[in-house]
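**Q** Here is my input, please return the structure:
(chains A and B)
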Number of protein chains: 2
Amino acid sequence: MIVVLSGGVGGARLCAGLVQVLTPEEVLVVVNTGDDFDHWGLRICPDLDTVMYTLSRRVDESQGWGIAGDTWNALTSMGRLGGESWFRLGDHDLATHLKRTAGLAAGRSLSEVTRELFLAHGLAHPVVPVTDAPHRTQVQTDRGLLDFQDYFVRQRGEPPCLGVSFGDGEPPEPSKALAMAMKRDDIEAVLVCPSNPVLSIQPLLAVRGVREWLRARRFPVLAVSPFIGGTAVKGPAARIFSHLGLEPTVTGLCDWYGPLVDGWLVDPQDFGLPVPPGVSLRSHHIRLDTALRRREVAEALLAWLSDIRAGHAPVSFSSSFKG
Amino acid sequence: MIVVLSGGVGGARLCAGLVQVLTPEEVLVVVNTGDDFDHWGLRICPDLDTVMYTLSRRVDESQGWGIAGDTWNALTSMGRLGGESWFRLGDHDLATHLKRTAGLAAGRSLSEVTRELFLAHGLAHPVVPVTDAPHRTQVQTDRGLLDFQDYFVRQRGEPPCLGVSFGDGEPPEPSKALAMAMKRDDIEAVLVCPSNPVLSIQPLLAVRGVREWLRARRFPVLAVSPFIGGTAVKGPAARIFSHLGLEPTVTGLCDWYGPLVDGWLVDPQDFGLPVPPGVSLRSHHIRLDTALRRREVAEALLAWLSDIRAGHAPVSFSSSFKG
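**A** Okay, the predicted model is just below:
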């Protein structure tokens, strides 16, 4: 089984390629819940929904999230009533949040409710939240610690991001499906999606046991770069990397992820960039803007894994960890 | 002060006339909450909302409820997700339910939340729920006891209504504004709107103290008939009256309400119908389909009250009660 670590838009698009070439039994998609929040009394799970809408082809491809052709009438009326209108919830989209919130209120777990929603969208591939517990990303900025959506949407990601944190408490437990996967001895690989390394992937790694599991691994971790030519394909990843003193390139990605990633799929123009010893690069287009390109990138990753298994690719993940 | 007892559509339309001729200080509109229910995890208050949308001229006049030009995208998507879609909630309308539900969840009373919603709609006249407590109408039918919306919407009011009830417990306490009104000694009149006598007005009378307050009154109770020529202006009132063995006329209304109503405003064609001694009729058009006609009916009621005060109209409410 291949475990995929996904955030929102970029992750969803890679997943849309992977589900074209992997059966539901061959993959587990683990999605960030650090962006989740309560709004209008509803539980909003932006990354889970972006994956769901992308896989079901309901997504508004031009913006990367939300439902194509959605309307904004509830939002308009909420604004008129003096309610909060800075977070854009579409009318079709509201059904998802209403159904999720009602399911949670009835005592079902986020994993269970997510499964129901994906099945209702005709999606059989297992997509699970990284945790069923609260796990809210907070962003350290020069304006203080901000809730994720306050930072990302209300303040449009403008305050410099100096890092993220996840409350003062203990790390949350992984969701049941992830916990079971972490106990399996037949994991073929972990794939890290081209989602924001700081805002989307770091929350996944902060869940209890995930870093330890990856450190002790006997499988390769391959990732798709979110950067091409020193800029992010989408979103604020390059700007955040700059704020953190990191290059917005695969070189900076290696600084950020350290030995957690064994190999990076990068755009051909980034293939010659310096990376630490023990980290492999493979050159391939990493544009994920069409169904065909998503499939091609997914196939490139699977081909790389096949080469690694056959001993034809120099990924030495086991030696990259001293402990 | 004049206290108005209102249900949904017919009540809302009379209120739309009354607020044209009475200041906010001169009136208190008390609205049925027996139709309220929870749906999609939201608190729905159909009669309060119909009054709010009618007074603010947002209402869909052709159907009498909901918001003109509303869309049904959340509903469509909810149906697609396997959620309940038998109760039609529009997208604009959802903002009301979301805001109400969030306010209640934050610990505010239904009265407080209702006041906020009406003010957000630019409505200054006080409109209050009859009670802040749960007070769910159940309908006795030959299919058993049905929740109100199950009977009225899902089963389209088709099962014969044999009566209504309100749970096994104690009657709920009146809302604060109603309780205060019931203590005042300067009530000029109670007006009973042309709402369904069984489904909409009876729940108001079932709230603790309301019947006793009306029985001991020193003010007239005037009502507008919901019937013209033996049929209901709108809704199932005539059919329900027939099931209960009552004439769908002002004669049947007097049988139903007994000495609780002193005078009925009836359509000219109903003016000669027999009513018990002590009950007055006044003839006037009671069509409420335009703003002008609503105002005219309101003015007719106020003129009648003025005649009663001046001793020109033979309403003898005090003698109509033996106890």
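**Q** What residues does the stretch 1-150 of chain A have near chain B?
**A** Contact residues (CB under 8 Å from any CB of the partner chain) of the stretch 1-150 of chain A with chain B: A:40-42, A:67, A:70-71, A:73-78, A:80-83, A:90-96, A:98-99, A:101-102, A:105, A:116-117, A:120-121. To be clear about C-beta, it is placed using only N, CA and C from the backbone, and glycine gets the same treatment.
**Q** Narrow those to those in strands?
**A** Applying DSSP state E to the residues of the stretch 1-150 of chain A next to chain B, the entries found in strands are residue A:42.
**Q** Mind checking which of the residues of the stretch 1-150 of chain A next to chain B land in helices?
**A** A:73-78, A:80, A:91-96, A:98-99, A:101-102, A:105, A:116-117, A:120 (DSSP state H).
**Q** Give me the buried subset of those.
**A** Among these, those buried by neighbour count (16 or more other CB atoms under 10 Å in any protein chain shown) are A:73-75, A:77-78, A:91-96, A:98-99, A:101-102, A:116-117, A:120.
**Q** Can you report how many residues neighbour residue A:271?
**A** The number of residues packed near residue A:271 is 13, by other CB atoms under 10 Å in any protein chain shown.
**Q** Spatially nearest residue to it (excluding sequence neighbours)?
**A** Nearest residue to residue A:271 in three dimensions, chain neighbours excluded: residue A:283, at 4.1 Å (CB to CB, 6 or more residues apart in numbering or on different chains).
**Q** Tally up the residues packed near that neighbour, please.
**A** When counting by other CB under 10 Å, one arrives at 15 neighbours for residue A:283.
**Q** my read: it touches residue A:273, true?
**A** No - the pair residue A:283 / residue A:273 is not scored as a contact, 10.9 Å apart, by CB atoms under 8 Å.
**Q** anything in contact with each of those two?
**A** residue A:266 (CB atoms under 8 Å, 6 or more residues apart in numbering or on different chains).
**Q** so residue A:181 touches residue A:4, yeah?
**A** No - Residue A:181 lies out of contact with residue A:4 (CB under 8 Å); the separation is 10.5 Å.
**Q** thinking residue A:281 is in contact with residue A:271, fair?
**A** Yes - with contact defined as CB under 8 Å, residue A:281 reaches residue A:271; the gap is 5.9 Å.
**Q** one step back: and the pLDDT for the residue nearest to residue A:271?
**A** We have a pLDDT of 97 for residue A:283.
**Q** Likewise for the one 4 residues further on?
**A** At residue A:287, the model reports a pLDDT of 95.
**Q** same for the helix or strand where residue A:28 lies, what does it pack against?
**A** Take DSSP states H and E as the rule and residue A:28 turns out to sit in strand A:27-31. Strand A:27-31 sits against strand A:2-6, helix A:9-21, helix A:46-55, strand A:127-129, helix A:176-183, with contacts defined as 3 or more CB pairs under 8 Å, 6 or more residues apart in numbering or on different chains; DSSP states H and E.
**Q** got the contact list for the fourth one?
**A** Strand A:127-129 is contacted from outside by A:15, A:28-31, A:33, A:45, A:48, A:51-52, A:55, A:110-111, A:114-115, A:118, A:175, A:177-178, using CB under 8 Å, 6+ apart.
**Q** switch the cut-off to 6 Å
**A** A:29, A:30, A:31, A:33, A:51, A:110, A:111, A:114, A:118, A:175, A:177 (CB atoms under 6 Å, 6 or more residues apart in numbering or on different chains).
**Q** Going by neighbour count, list what's buried in the lengthiest helix in chain A.
**A** Ranked by residue count under DSSP H, the longest helix found in chain A is helix A:291-309. By 16+ other CB under 10 Å, the buried positions in helix A:291-309 come out as A:293, A:294, A:295, A:296, A:297, A:298, A:300, A:301, A:302, A:304, A:305, A:308.
**Q** Is it possible to get a markdown table of the residues you listed that adds distance to residue A:190 and pLDDT?
**A** A markdown table is the format used below for those (distance: CB to CB, whole Å; pLDDT from 0 to 100):
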| residue | distance to residue A:190 | pLDDT |
| --- | --- | --- |
| A:293 | 22 | 98 |
| A:294 | 19 | 98 |
| A:295 | 20 | 98 |
| A:296 | 21 | 98 |
| A:297 | 16 | 98 |
| A:298 | 15 | 98 |
| A:300 | 16 | 98 |
| A:301 | 11 | 98 |
| A:302 | 13 | 98 |
| A:304 | 13 | 97 |
| A:305 | 11 | 97 |
| A:308 | 13 | 95 |
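**Q** can you put those residues in TSV and add distance to residue A:226?
**A** Shown next, in TSV, are the buried residues of helix A:291-309 (distance: CB to CB, whole Å):
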residue	distance to residue A:226
A:293	15
A:294	15
A:295	19
A:296	17
A:297	12
A:298	16
A:300	16
A:301	15
A:302	20
A:304	18
A:305	20
A:308	22
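**Q** just curious, which of the residues you listed is nearest to residue B:257?
**A** Taking CB to CB as the measure, residue B:257 sits nearest to residue A:294 out of the buried residues of helix A:291-309, at 68.8 Å.
**Q** Apart from its chain neighbours, what residue comes closest to residue A:241?
**A** Per CB to CB, 6+ apart, closest to residue A:241 is residue A:248, 4.5 Å.
**Q** How about the contacts made by that neighbour?
**A** Here residue A:248 is in contact with A:227, A:230, A:238, A:241 (CB under 6 Å, 6+ apart).
**Q** what are the phi and psi values for the second one?
**A** Recorded main-chain torsions at residue A:230 are phi 80, psi 10, according to degrees, to the nearest 10.
**Q** Distance-wise, check it relative to chain B.
**A** With distances taken as CB to the nearest CB, to the nearest Å, residue A:230 is found 40 Å from chain B.
**Q** what about that residue, how many neighbours?
**A** Neighbours of residue A:230 under the rule other CB under 10 Å: 14.
**Q** Tell me where the stretch 101-250 of chain A has strands.
**A** For the stretch 101-250 of chain A, strands defined by DSSP state E, counting those that start in this stretch occupy the ranges A:127-129, A:138-141, A:144-147, A:161-165, A:189-192, A:221-224, A:227-228, A:231-232.
**Q** Show me what the fourth one is in contact with.
**A** Strand A:161-165 is contacted by residues A:137, A:138, A:139, A:140, A:202, A:240, A:243 when judged by CB under 6 Å, 6+ apart.
**Q** The fourth one: neighbour count?
**A** The one in question is residue A:140. Residue A:140 has 16 neighbours, counted by other CB under 10 Å.
**Q** got it, and the last one?
**A** Neighbouring residues of residue A:243 were enumerated by other CB under 10 Å; the total is 17.
**Q** on that earlier part again, what are the pairing partners of the strand holding residue A:28, and which direction each?
**A** Partners of strand A:27-31 in the sheet, by DSSP bridges, are strand A:2-6 (parallel), strand A:127-129 (parallel).
**Q** quick one: contacts of that strand?
**A** With contacts defined as CB under 6 Å, 6+ apart, strand A:27-31 is touched by A:2-6, A:15, A:47-48, A:51, A:126-130, A:178, A:181.
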